[in-house]
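pasting the sequence and the predicted coordinates here, then a few questions.
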Amino acid sequence: MRFVDEYRDPELAKKLVERIHRRSTMPISLMEFCGGHTVTVVKYGLRQLVPATVKMMSGPGCPVCVTDNSDLDSAIALTKLPGVIICTFGDMLKVPGSFSSLQQAKAEGSDIRIVYSTIDALEIARRNPSRPVIFIGIGFETTAPTIAASVLQAEKEGIRNYHVFSLGKLCPPVIKALLDKGEVRLDGIICPGHVSAIIGSHPYDFIPRDYGIACAISGFEPLDVLLCVDMLIAQIESCQPRVEIAYRRGVRAEGNRQALELMDVVFEACEARWRGIGVVPHSGLKLRKRYERFDADRVFPIDPGPTHEPKGCLCGEILRGVKRPTDCKLFRQVCSPEHPVGPCMVSYEGACSAYYLYGDAGGG
Amino acid sequence: MEDKVLLAHGSGGKLSHDLVEKSFLAKLGNPWLNMLDDSAILELSGRIAFTTDSYVVSPLFFPGGDIGRLAVCGTVNDLAMSGARPIYLSLSLIIEEGFPLSDLDKIVVSVQRTAKEAGVKVVTGDTKVVNRGSVDKLFINTAGVGFIPPGVNIAGSNAQPGDCIIVSGPVGNHGMAVMSQREGLEFSSLIESDCAPLNGLVGDMLKVCSSIHCLRDPTRGGLATSLNEFARQSQVGIIIEEAKIPVCQEVRAMCELLGLDPLHIANEGRLVAIVAGDDAESVLAKMRQNPRSRNANIIGQATAEHPGRVVMTTSFGTSRLIDMLVGDLLPRIC
């Protein structure tokens, strides 16, 4: 299969792995920021290929996983509005909120529809002009431009019943928040791939500059990740941390200007609550005042009430890179993709789900 | 105006009789069915396999098959996977009011052809018509009975360390063929369902090896789920090699786009067999003579290590767990 097999070539992988082993002389810790990277690492068994001294841990880069319980509870509360149609990406359905889930609300009769993009949600709004249609807008910089485009399109067509419940989040601020916490010792970060296709490489410049930590942007095929690890080790071994791109076919240093402009027209940064991490300034996206009639938060003010966190769930620690899924007592015992306790087990990009589905043979 | 199925077609009255005669007896008729009594009276002896399954696939017509073909193959294959020779089927339809009679005819013709292909007779049946909205177009249930030849003992708990795992052909075609037709996806793909009766193939395999240990048609949940069932039922470990599992390019590509694993995608005309290591090559050679399984391959072994788990060796030489399908990726594919 073209454009895929090239990046899964076992011979090239072997060469890269040999180079990694030659370069690596000291113990280091790397964080794969994106859940998508964790999936690649576990699915292809890349931890079995790199030197044992290279520790790889997962990070907070899974939009479903970092959605806070209070935001989930609000989304669930929105489903109870009279006549409303809720549109959401599929993996949000099963995420347990404080007391319920979108799936549960659907079973109780709420009209909740799975969509693959905002285009589908807009179409549902066109076909149901008398009903409010709310898109649950989770996602990082990758998704935000598509949500922005849907808002502009709705404005252009005069679609008045389309609304976005914006839970959009920005990656560089949360990386800064994690580093400022100082809980994990990091030598290098496998930086987001698709997020960087939008924002480019410069927003990470502060990481090597202010924290002395190596950065490389990776794609999601196994050779992408191996190349990225190789670049990071070279930077670390030579004490020359900087931001490199190991995903040149997807990412340019300046990013995608058009997408960034779209985002900027519709959204402004706001503080956001991240599961396990807390409130991070300038890390969220809310609709600008000009588009407030599309903002579900403003049009349908709701109070979801107090939140409740599941006992024993380590999702927060796992998202911060402090713990691994296998450290969690609930993992594989009471928490599984069929019966998820926390969000990291729900999303395919969640670290717990990846470890559960592909975990190394004979163990977690 | 197109002729539609009316509620009266299911009333038991004149229209019901017309429907039975014109749509069913004319195509499926045989001495048992033609009796039109409350039950078919069958002469059976020996070990009998008996199974039932319901079919709710959407859309009803998909590349490489339709709900009628599926309803015959699914039940025939469940019998065949027990080593049974399928003989008789029941056919029961629940039809939504307003369903086009022309579509019903096409589906019954498909049942007729597939039953002939599999060498089975539809000996009893039932038709219900329900109000619009009470079912989605058409649901079918079939049940089937078959003889199990003496000496054949096939069960999911029979796998032994050292046994070989054989699949009969590329996996994932049926699920992806149905998926490609779904509203909202509408791939213009060349993928055709593998939907086919497998009793002939199983018969061939039993000719060269009457002691096949396990057989399963990896339908919902795909190959990964069948292998996990074997590993758990037999308390053996299973090791498969990624590079040896046949998957069509188109299926791989579509799975890649949708983020699915071909090992979790349903098949309706494939089987996975576990046979003693010494029998594997002869069974494989026989399978490859059959047009249904020309691309059959030995994909791995059963082992005493990690009982209950399925592990795959990747093309990088690393290994990873292969778990059962979790949740319902593709509802209503059969």
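Good, I have the coordinates. From a predicted model like this one, the values you see are computed outputs, not experimental measurements.

what is the burial count for the spatially closest residue to B:Ser293 that is not a sequence neighbour?
Setting aside the residues directly before and after it, B:Ser293 is nearest to B:Ser168 in space (Cβ to Cβ, 6 or more residues apart in numbering or on different chains), at 3.9 Å. C-beta here means a position set from N, CA and C on the backbone, and glycine is covered the same way. Per other Cβ atoms under 10 Å in any protein chain shown, the neighbour tally for B:Ser168 reads 30.

name the residue of chain A that lies nearest to chain B.
A:Gly45 (2.6 Å; Cβ to the nearest Cβ).

separation between the residue nearest to B:Ser293 and B:Asp261?
Here the criterion is Cβ to Cβ, to the nearest Å. By it, B:Ser168 lies 19 Å from B:Asp261.

mind checking pLDDT for residue 141?
As the question left the chain open, I've gone with chain A. Looking at A:Glu141, its pLDDT reads 97.

think we crossed wires, I meant chain B
What the model reports as pLDDT for B:Asn141 is 98.

that one is in what secondary structure piece?
strand B:138-147 (DSSP states H and E).

output the contacting helices and strands for that strand.
strand B:48-55, helix B:67-80, strand B:85-96, helix B:101-118 (3 or more Cβ pairs under 8 Å, 6 or more residues apart in numbering or on different chains; DSSP states H and E).

buried ones in the first one, by neighbour count?
If you call a residue buried by 16 or more other Cβ atoms under 10 Å in any protein chain shown, then strand B:48-55 has these buried ones: B:Ala49, B:Thr51, B:Asp53, B:Tyr55.

follow-up on the earlier one: residues near the closest residue in space to the residue of chain A closest to chain B that isn't next to it in sequence, how many?
Distance criterion Cβ to Cβ, 6+ apart; nearest residue to A:Gly45, sequence neighbours excluded, is B:Thr318 at 2.6 Å. By the measure other Cβ under 10 Å, the count of residues near B:Thr318 is 21.

before we move on, what's the pLDDT of B:Thr318?
So B:Thr318 comes in at 93 (pLDDT).

how about the contacts made by it?
A:Tyr44, A:Gly45, A:Leu46, A:Gln48, A:Leu49 (Cβ atoms under 8 Å, 6 or more residues apart in numbering or on different chains).

thought B:Gln233 was touching B:Ser157?
Yes. In this structure B:Gln233 lies within contact range of B:Ser157 using Cβ atoms under 8 Å: 4.3 Å.

circling back: ok, the contacts of B:Thr318 vs B:Lys106, which is closest?
Taking Cβ to Cβ as the measure, B:Lys106 sits nearest to A:Tyr44 out of these, at 45.4 Å.

for the closest residue to that closest one other than its chain neighbours, list the residues it contacts.
Setting aside the residues directly before and after it, A:Tyr44 is nearest to A:Pro222 in space (Cβ to Cβ, 6+ apart), at 4.2 Å. Residues in contact with A:Pro222, defined by Cβ under 8 Å, 6+ apart, are A:Tyr7, A:Arg8, A:Ala13, A:Thr40, A:Tyr44, A:Leu46, B:Phe316.

could you do A:Thr53 as well?
A:Ser24, A:Met26, A:Pro27, A:Ile28.

could you dump those to TSV with secondary structure?
Shown next, in TSV, are the contacts of A:Thr53 (DSSP: H, G, I helix; E, B strand; the rest coil):
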residue	secondary structure
A:Ser24	coil
A:Met26	coil
A:Pro27	coil
A:Ile28	strand
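
how about the strands in chain A?
With strands called from DSSP state E, chain A shows them at A:28-34, A:54-61, A:85-88, A:111-114, A:133-139, A:162-168, A:188-191, A:214-217, A:243-245, A:267-274, A:278-287.

CA atoms only: put the longest one into PDB for me.
Included here for strand A:278-287 are C-alpha records, laid out as PDB according to Å, rounded to 0.1, in the frame of the first residue of the first chain:
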ATOM      1  CA  GLY A 278      -6.000  21.300  36.300                       C
ATOM      2  CA  VAL A 279      -6.700  24.700  35.000                       C
ATOM      3  CA  VAL A 280      -4.100  25.900  32.400                       C
ATOM      4  CA  PRO A 281      -4.200  29.500  31.300                       C
ATOM      5  CA  HIS A 282      -4.500  30.200  27.600                       C
ATOM      6  CA  SER A 283      -4.900  26.500  26.800                       C
ATOM      7  CA  GLY A 284      -8.500  26.500  25.700                       C
ATOM      8  CA  LEU A 285     -10.500  27.800  22.800                       C
ATOM      9  CA  LYS A 286     -13.700  29.700  23.100                       C
ATOM     10  CA  LEU A 287     -15.800  31.400  20.300                       C
END
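
rebuild the strands of chain A as a markdown table, extending it with mean neighbour count and distance to chain B.
Output for these, formatted as a markdown table (neighbours: other Cβ atoms under 10 Å in any protein chain shown; distance: least, Cβ to the nearest Cβ, whole Å):
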| stretch | mean neighbour count | distance to chain B |
| --- | --- | --- |
| strand A:28-34 | 25 | 14 |
| strand A:54-61 | 25 | 13 |
| strand A:85-88 | 24 | 12 |
| strand A:111-114 | 17 | 9 |
| strand A:133-139 | 27 | 16 |
| strand A:162-168 | 26 | 18 |
| strand A:188-191 | 30 | 18 |
| strand A:214-217 | 28 | 20 |
| strand A:243-245 | 22 | 23 |
| strand A:267-274 | 18 | 24 |
| strand A:278-287 | 19 | 25 |
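
what's the closest of those to B:Asn173?
strand A:111-114 (24.5 Å).

which helices and strands does that closest one pack with?
Applying 3+ Cβ pairs under 8 Å, 6+ apart, one finds that strand A:111-114 contacts strand A:85-88, helix A:102-107.

what is the burial count for A:Gly182?
Neighbour tally, A:Gly182, other Cβ under 10 Å: 9.

same question for the one 4 residues further on.
Burial measure for A:Leu186: 23 neighbouring residues, criterion other Cβ under 10 Å.

hang on, isn't it packed against A:Leu30?
Yes. If you go by Cβ under 8 Å, A:Leu186 and A:Leu30 touch, sitting 7.4 Å apart.

contact partners for the closest residue to B:Gly65 other than its chain neighbours?
Nearest non-adjacent residue to B:Gly65, counting by Cβ to Cβ, 6+ apart: B:Cys195, 3.8 Å away. Listed by Cβ under 8 Å, 6+ apart, the contact set of B:Cys195 reads B:Gly64, B:Gly65, B:Arg69, B:Leu70, B:Cys73, B:His174, B:Glu268, B:Gly269.

mind putting those into JSON lines with neighbour count and pLDDT?
Below are those laid out as JSON lines (neighbours: other Cβ atoms under 10 Å in any protein chain shown; pLDDT from 0 to 100):
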{"residue": "B:Gly64", "neighbour count": "17", "pLDDT": "94"}
{"residue": "B:Gly65", "neighbour count": "24", "pLDDT": "96"}
{"residue": "B:Arg69", "neighbour count": "26", "pLDDT": "98"}
{"residue": "B:Leu70", "neighbour count": "31", "pLDDT": "98"}
{"residue": "B:Cys73", "neighbour count": "31", "pLDDT": "98"}
{"residue": "B:His174", "neighbour count": "33", "pLDDT": "96"}
{"residue": "B:Glu268", "neighbour count": "29", "pLDDT": "96"}
{"residue": "B:Gly269", "neighbour count": "25", "pLDDT": "97"}
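
between those, which sits nearest chain A?
Closest to chain A, out of all of the contacts of B:Cys195 and judged by Cβ to the nearest Cβ, is B:His174, at 20.1 Å.

export only the CA atoms of the one helix or strand that closest one maps to, formatted as CSV.
Using DSSP H and E, the element containing B:His174 is helix B:173-179. Taking C-alpha atoms only, helix B:173-179 is exported to CSV below (Å, rounded to 0.1, in the frame of the first residue of the first chain):
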residue,chain,number,x,y,z
ASN,B,173,-13.7,-8.6,3.0
HIS,B,174,-17.3,-9.1,4.2
GLY,B,175,-17.3,-6.4,6.9
MET,B,176,-15.5,-3.9,4.7
ALA,B,177,-17.8,-4.6,1.7
VAL,B,178,-20.9,-3.9,3.8
MET,B,179,-19.2,-0.9,5.5
